[in-house]
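Engineer: would you be able to build a 3D model of this:
(chains A and B)
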Amino acid sequence: MLSKRIIPCLDVRDGRLTKGIKFKDNVDIGDPVETARKYYENGADEIVFYDITASSEGRSIMLQVVEEVASRIFIPFSVGGGVASVADMRDVLRAGAEKISVNSAAVKEPRIISRGADAFGSQCIVVGMDVLRVPQSAEIPSGYEIVIHGGRKKTGLDALAWAQKVQDLGAGEICLNSIDADGTKDGYELNLTRLISDNVRIPVIASGGAGSPEHMVDAVTAGRASAALIASIVHYGEYTLPEIKRIMRDKDVPVRMVW
Amino acid sequence: MLAIVNYNAGNLTSVKRALDYLEIPNRITAKKDEMLGSDGVIIPGVGAAGSAMQYLAANGLDEALGECAKKEKPLLGICLGSQIVLDYSPENDTLALGLIPGRCRAFDPDLKDERGELINIPHMGWNRVRLRGPCPLFKDIDPEAEFYFVHTYYPQPEPEYILGETDYGTTFCSVLGREGLWAMQFHPEKSGRPGLRILKNFHSYCRGELNA
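Structural biologist: Residues are numbered from 1 along each chain as shown, chains lettered A, B, ... in the order given. From the prediction side, this is the model:
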C-alpha cells in the first residue's frame, strides 16, 4: 500500500531560509541544508524548496544549495520558484533535485510543462497551483480560480479545468495551494482538495492551512490527497515529524514509520 | 570499487552521491574493462527502455554486461535497470539484456487501491517490499521499512526469480534475480537509511564480506 507523504516546505532566499526555524532543542537554524538534513533524519518523506530569490546571482547560490542537499539527504526533493525554462529545469535536476515545480511560468506559457515532461519525464514535473475561492460563474464554474504572483493577480483560469489541462500536458503531480487557507492554521481547503483529487489521475499534494496533524489526516482521507505539505507547524516546533506521523498512523492513515 | 554503468540514464549522479556518502569507492563508466575490473556493477536508470537499450547496444555495453553476468561479477539493477535486465519490455517494444528470464509490463489503469479508488499512474511514493525469502541485500533492514518508487512499468520475471513483492492495485515483483544478480524496481539511493543499507550490503557482498 502506498504511504501518504508528509512534505515540509522550506522557503529560501539567497541561499538562506527566510524564516528563522526553531527546533525543539531551540537551535535557530537559517541554513537550508542543515534544516533539510534534520527533517530527513526525522522522517520527512520528501522536501520542497521554494526559492524566492529574484536575482540571477541568487539563483546560482540556490543551485549550490541543491547540490549540497543532494549529497546529504537521500530522499526525493523538489525545487520551485523562478523556474521559467527547460534550461532552468535542467540546471536544477543536474544539481541533484528529483523534481521541479513550476507555477506562474506554466500559467504564462503552458508548453513549459510538456517540454519539461518530454525532456525529463512526467515524474519530474510538478505544477504548483495557487487557488482562490471566487463566486461560481460561466468563466469559473468550479468557483475556484487560479491566481499568480503570490495570490495578487487573478488569471481567469478555472482551477479544475487548469488541473486537467496540466495533467494532459504531462505534469506528474499537482501541488495545490489554497490562498484562502494559507496561513490560517484552520486546516486545508478540503472541498478544493477533494474536487481536484477526484478529477485527475496524477497525485495531488494538499497545501495551505495545516495547523495540526488531524488536518493532515483530513487532507489525505476526506480530501483524497496523496500528500500534505507543511511549513510553520514543524518550523516552529509545534509538532515534530515523528509526532505527526504517529498521530496519523493512529488514525489508520498509511504513513512511513521506519526511516 | 563499484562501477556505475554510464548509459545516459537520469539518476547516475544520485547513485554516485549515495555511494560517495557511504564512502564506497565508485566510478561512473562506459568501459567494459573497468566494469570487468570492478568489484561489482550497478545498472541505474531513469527514463525509457527503448532509448536506454539503444544507447547500451550502440556502445557495446549490452555485450559487456552479458560478460559481467557470465563471469559472475555481482550486478545490481535499479529501477529502469531492473526492467532492462529482463528479455523484453513493451515500452517502445524493446528487446532487453536478457540476463533474467521474463519481461515487464505496464500498470493497468483500471486497477483500484484498497479503498476502491483508481490508482494513480505512475506508482510514485513510499511502499513496502515483502520478501519471499531471505535476501542478503536486505540484511539488517526492518521488514516494515519502505522504499521510494517511481515507475509506470514493472518487472515480471519467471516465478523462480521473484525475490520480493509490493502491493499497488495488484501485487507486483519489486525485487528480482538470484544470488549475485539482483534488481529492484525502487530507488535505494532515494529511500533513506534502509535504501543506503541495501547499497552498503551490495558493496559488502561484492567484497566477499557478506554471506548469502
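Engineer: next to chain B in this structure, residues from the stretch 1-150 of chain A, please.
Structural biologist: Contact residues (Cβ under 8 Å from any Cβ of the partner chain) of the stretch 1-150 of chain A with chain B: A:1-3, A:5, A:40, A:45, A:70-72, A:74-76, A:93-94, A:96, A:98, A:120-123. The way it works is simple: take the backbone N, C-alpha and C, and place the C-beta from them, glycine included.
Engineer: now stretch A:111-129 - C-alpha only, PDB.
Structural biologist: What follows is stretch A:111-129, C-alpha atoms only, in PDB (Å, rounded to 0.1, in the frame of the first residue of the first chain):
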ATOM      1  CA  ARG A 111       4.000  24.500 -23.100                       C
ATOM      2  CA  ILE A 112       6.800  24.600 -20.500                       C
ATOM      3  CA  ILE A 113       5.000  21.600 -18.900                       C
ATOM      4  CA  SER A 114       5.000  19.400 -22.000                       C
ATOM      5  CA  ARG A 115       8.600  20.500 -22.900                       C
ATOM      6  CA  GLY A 116       9.800  19.600 -19.400                       C
ATOM      7  CA  ALA A 117       7.900  16.300 -19.400                       C
ATOM      8  CA  ASP A 118       9.300  15.400 -22.800                       C
ATOM      9  CA  ALA A 119      12.900  16.200 -21.800                       C
ATOM     10  CA  PHE A 120      13.000  14.700 -18.300                       C
ATOM     11  CA  GLY A 121       9.800  12.600 -17.800                       C
ATOM     12  CA  SER A 122       6.500  13.500 -16.300                       C
ATOM     13  CA  GLN A 123       7.600  12.300 -12.900                       C
ATOM     14  CA  CYS A 124      10.000  15.300 -12.700                       C
ATOM     15  CA  ILE A 125       7.300  17.900 -13.400                       C
ATOM     16  CA  VAL A 126       5.200  19.300 -10.500                       C
ATOM     17  CA  VAL A 127       2.800  22.000 -11.300                       C
ATOM     18  CA  GLY A 128       2.200  24.400  -8.400                       C
ATOM     19  CA  MET A 129      -1.300  25.900  -8.400                       C
END
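Engineer: phi, psi for A:Ser3 please.
Structural biologist: phi -80, psi 150 (degrees, to the nearest 10).
Engineer: quick one: residues contacting it.
Structural biologist: Contacts for A:Ser3 (Cβ atoms under 8 Å, 6 or more residues apart in numbering or on different chains) come out as A:45, A:254-256, B:125-127, B:146.
Engineer: 7 Å instead?
Structural biologist: A:254-256, B:125-127, B:146 (Cβ atoms under 7 Å, 6 or more residues apart in numbering or on different chains).
Engineer: so which of the residues you listed is the closest to A:Pro110?
Structural biologist: Proximity to A:Pro110 was ranked across those by Cβ to Cβ; first place goes to B:Gly125, at 25.9 Å.
Engineer: how close does the closest one get to A:Met129?
Structural biologist: According to Cβ to Cβ, to the nearest Å, B:Gly125 and A:Met129 sit 20 Å apart.
Engineer: for the two, indicate the residue with more neighbours.
Structural biologist: A:Met129 (26 against 23; other Cβ atoms under 10 Å in any protein chain shown).
Engineer: need the max-distance pair from the contacts of A:Ser3.
Structural biologist: Pairwise distances across the contacts of A:Ser3 (Cβ to Cβ) peak at 12.0 Å, for the pair A:Val255 and B:Asn127.
Engineer: can you show me the helices along the stretch 101-250 of chain A?
Structural biologist: A:104-108, A:111-120, A:159-169, A:190-199, A:213-220, A:232-235, A:241-250 (DSSP state H, counting those that start in this stretch).
Engineer: dump those into CSV; add distance to A:Glu57 as well.
Structural biologist: Putting the helices of the stretch 101-250 of chain A into CSV (distance: least, Cβ to Cβ, whole Å) gives the following:
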stretch, distance to A:Glu57
helix A:104-108, 20
helix A:111-120, 23
helix A:159-169, 31
helix A:190-199, 36
helix A:213-220, 37
helix A:232-235, 26
helix A:241-250, 33
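Engineer: nearest residue to the middle of chain A?
Structural biologist: Here the mean C-alpha position of chain A is nearest to the C-alpha of A:Cys175 (Cα atoms, centre = their mean), at a distance of 5.0 Å.
Engineer: identify the bridge partners of that residue.
Structural biologist: Here A:Cys175 sits in beta bridges with A:Gly128, A:Ile205, going by DSSP bridges.
Engineer: can you pull the contacts of it?
Structural biologist: A:101, A:126, A:128-129, A:205, A:207, A:229.
Engineer: hang on, the earlier thing: for the helices of the stretch 101-250 of chain A, which one ends up most surrounded?
Structural biologist: Mean neighbours per residue, mean count of other Cβ atoms under 10 Å in any protein chain shown, is largest over the helices of the stretch 101-250 of chain A for helix A:213-220, with a mean of 24.
Engineer: chain center to stretch B:70-89: distance?
Structural biologist: Chain-centre distance of stretch B:70-89: 7 Å, with Cα atoms, centre = their mean, to the nearest Å.
Engineer: could you report the neighbour count for residue 178?
Structural biologist: Answering for chain A, as no chain was given. 26.
Engineer: ah, I was thinking of chain B
Structural biologist: Number of residues near B:Arg178 (other Cβ under 10 Å) recorded here: 12.
Engineer: how near is it to A:Ala181?
Structural biologist: Taking Cβ to Cβ, one finds B:Arg178 at 52 Å from A:Ala181.
Engineer: where in the chain is pLDDT low?
Structural biologist: You didn't pick a chain, so chain A it is. Within chain A, the segments meeting pLDDT under 70 span A:19-29, A:54.
Engineer: that's the wrong chain, I wanted chain B
Structural biologist: Ranges of chain B meeting pLDDT under 70: B:9-10, B:211-212.
Engineer: ok, 90 please
Structural biologist: B:7-12, B:45-52, B:55, B:91-94, B:113-117, B:121-122, B:133-134, B:210-212 (pLDDT under 90).
Engineer: mind naming the longest helix for chain B?
Structural biologist: helix B:192-206 (DSSP state H).
Engineer: what packs against it?
Structural biologist: helix B:12-21 (3 or more Cβ pairs under 7 Å, 6 or more residues apart in numbering or on different chains; DSSP states H and E).
Engineer: can you tell me the centre-most residue of chain B?
Structural biologist: Centre-most residue of chain B, counting by Cα atoms, centre = their mean: B:Ile78, 2.4 Å.
Engineer: number of residues surrounding the closest residue to that one other than its chain neighbours?
Structural biologist: Closest residue to B:Ile78 apart from its sequence neighbours, by Cβ to Cβ, 6 or more residues apart in numbering or on different chains: B:Pro44 at 4.9 Å. Residues near B:Pro44, counting by other Cβ under 10 Å, number 25.
Engineer: distance check, B:Pro44 against chain A.
Structural biologist: Using Cβ to the nearest Cβ, to the nearest Å, B:Pro44 is found at 13 Å from chain A.
Engineer: B:Ile4: what secondary structure?
Structural biologist: What DSSP: H, G, I helix; E, B strand; the rest coil gives for B:Ile4 is strand.
Engineer: now do it against chain A, distance only.
Structural biologist: From B:Ile4 to chain A the distance is 15 Å (Cβ to the nearest Cβ).
Engineer: got a list of what that residue touches?
Structural biologist: Contacts of B:Ile4 by Cβ under 7 Å, 6+ apart are B:12, B:15-16, B:26-28, B:42, B:44.
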